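>>> Have a look at this prediction, sequence included:
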Amino acid sequence: MGRSLYRFPGTALGALLSLALLFLLFDLFWIAAATTEQLYTRLISQLRMEAFVAEHVIDTEIPPLQDAIAHTEGIIAIEYISREKAREVLHEMLGTDLLIGYDSANPLPRSFIIEFESDALNSEDMASVCEGLSGFPEIAEVTYSQQWLKNAEATRVIIKRFGLALGVFILLTAIISSVNNIRLMTRARTEGFQQMRLLGAGRLFLAFPFLIEGMLISGLSAAAGWLAINYGSHQISLTQIEIVYPVIEEIVIFCAAAAALGAISGYLGIRKLLR
């Protein structure tokens, strides 16, 4: 095994670098997907629904209405916004009171600000709640960022599908690259290989060095990719976005899986000589 790597350093180094670049590409997308997922979760958690109270509803009817809405499935919090509270919010947003002179006849509507549990923050559940609230005669209108939510969900699905396709592509490319590299290193030793078979060497004995070579090259390539990312993470800092990195256990599992993939590639590269 060591002789093979020593006698063909160019092939071994080329295999190491090519696989390292492939795994690095996958690592970067893994980090980007995790960061995007965290950003999506954070943005979605801020999504609220607002239900406007009809004008004919008197103030004494507000508490039972609020209680009825609060018992709707998926809702975890509800806040009543009176006309006076709406005026304060408008004042804070604009920096000036536009309703001076309307103290006795505040035209701003009353409403409920509704907060949802995380599992209900999706288009289907929120549309169902919106439809249910619209059926209340005391509710004049229900609004939320419906189109934005649909676009966000569609983007999330695209990212996941692209990640799956990228993972499959890298898997196939890594196997093909590793198989070809193993074949190159075994081609020069075909004669010696056949002689060992004539002397009675078993298939497992003959294949074992190449399995180890494949494991080493793939495992080291995966580790090299993460080392490059670790170095880059200490050189680049983003203040607006929190980058999400996999935990060390996930990285170890990834490198072990890459090594196992290398062993499979080693077998595929040598199997013709085992016939």
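Looks like it came in fine.
>>> so where's the stretch 51-200 of the chain uncertain?
When residues are selected by pLDDT under 70, those of the stretch 51-200 of the chain lie in 97-104, 184-200.
>>> Strands of that one, start to end?
75-81, 111-116, 139-143 (DSSP state E, counting those that start in this stretch).
>>> how about CSV for the ones you listed, with mean neighbour count added?
For the C-beta atoms, the positions are set from N, CA and C on the backbone; glycine is no exception. CSV is the format used below for the strands of the stretch 51-200 of the chain (neighbours: other C-beta atoms under 10 Å):
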stretch, mean neighbour count
strand 75-81, 15
strand 111-116, 21
strand 139-143, 16
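>>> Let me know which of those strands is the nearest to residue 173.
Comparison of the strands of the stretch 51-200 of the chain against residue 173 by C-beta to C-beta identifies strand 111-116 as nearest, at 42.2 Å.
>>> returning to what we had before: could you work out which of the strands of the stretch 51-200 of the chain reaches nearest to residue 89?
That would be strand 75-81 among those, by C-beta to C-beta, at 7.2 Å.
>>> what's that closest one in contact with?
With contact meaning C-beta atoms under 8 Å, 6 or more residues apart in numbering, strand 75-81 is reached by 62, 66, 69-70, 89, 110-117, 120, 129.
>>> Could you rerun that using 7 Å?
62, 66, 69, 70, 110, 111, 112, 113, 114, 115, 116, 117 (C-beta atoms under 7 Å, 6 or more residues apart in numbering).
>>> for stretch 117-130, same thing?
Outside stretch 117-130, the residues touching it (C-beta under 7 Å, 6+ apart) are 44-45, 47, 49, 72, 74, 76, 116, 142, 144, 149-150, 153.
>>> which two of the contacts of strand 75-81 lie the greatest distance from each other?
So, the contacts of strand 75-81 by C-beta to C-beta: farthest apart are 110 and 117, at 24.6 Å.
>>> More neighbours: which of the two?
residue 110 (21 against 12; other C-beta atoms under 10 Å).
>>> bridging residues for the closest residue to the more buried one other than its chain neighbours?
Nearest residue to residue 110, sequence neighbours excluded (C-beta to C-beta, 6 or more residues apart in numbering): residue 53, at 4.1 Å. Legend: beta-bridge partners of residue 53 under DSSP bridges are residue 139.
>>> longest single helix anywhere in this structure?
Assignment by DSSP state H gives helix 146-187 as the longest helix of the chain.
>>> Check which helices and strands that one sits against.
In terms of contacts (3 or more C-beta pairs under 7 Å, 6 or more residues apart in numbering; DSSP states H and E), helix 146-187 is packed against helix 9-45, helix 123-134, helix 203-235, helix 248-270.
>>> Now render the contacts of strand 75-81 as JSON lines, adding distance to residue 223.
Output for the contacts of strand 75-81, formatted as JSON lines (distance: C-beta to C-beta, whole Å):
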{"residue": "62", "distance to residue 223": "62"}
{"residue": "66", "distance to residue 223": "57"}
{"residue": "69", "distance to residue 223": "54"}
{"residue": "70", "distance to residue 223": "53"}
{"residue": "110", "distance to residue 223": "61"}
{"residue": "111", "distance to residue 223": "56"}
{"residue": "112", "distance to residue 223": "54"}
{"residue": "113", "distance to residue 223": "50"}
{"residue": "114", "distance to residue 223": "49"}
{"residue": "115", "distance to residue 223": "44"}
{"residue": "116", "distance to residue 223": "43"}
{"residue": "117", "distance to residue 223": "41"}
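>>> Counting neighbours, what do you get for residue 162?
Residue 162: 12 neighbours (other C-beta under 10 Å).
>>> From residue 95, how far out is it?
Relative to residue 95, residue 162 is positioned 44 Å away (C-beta to C-beta, to the nearest Å).
>>> Thanks a lot, see you next time.
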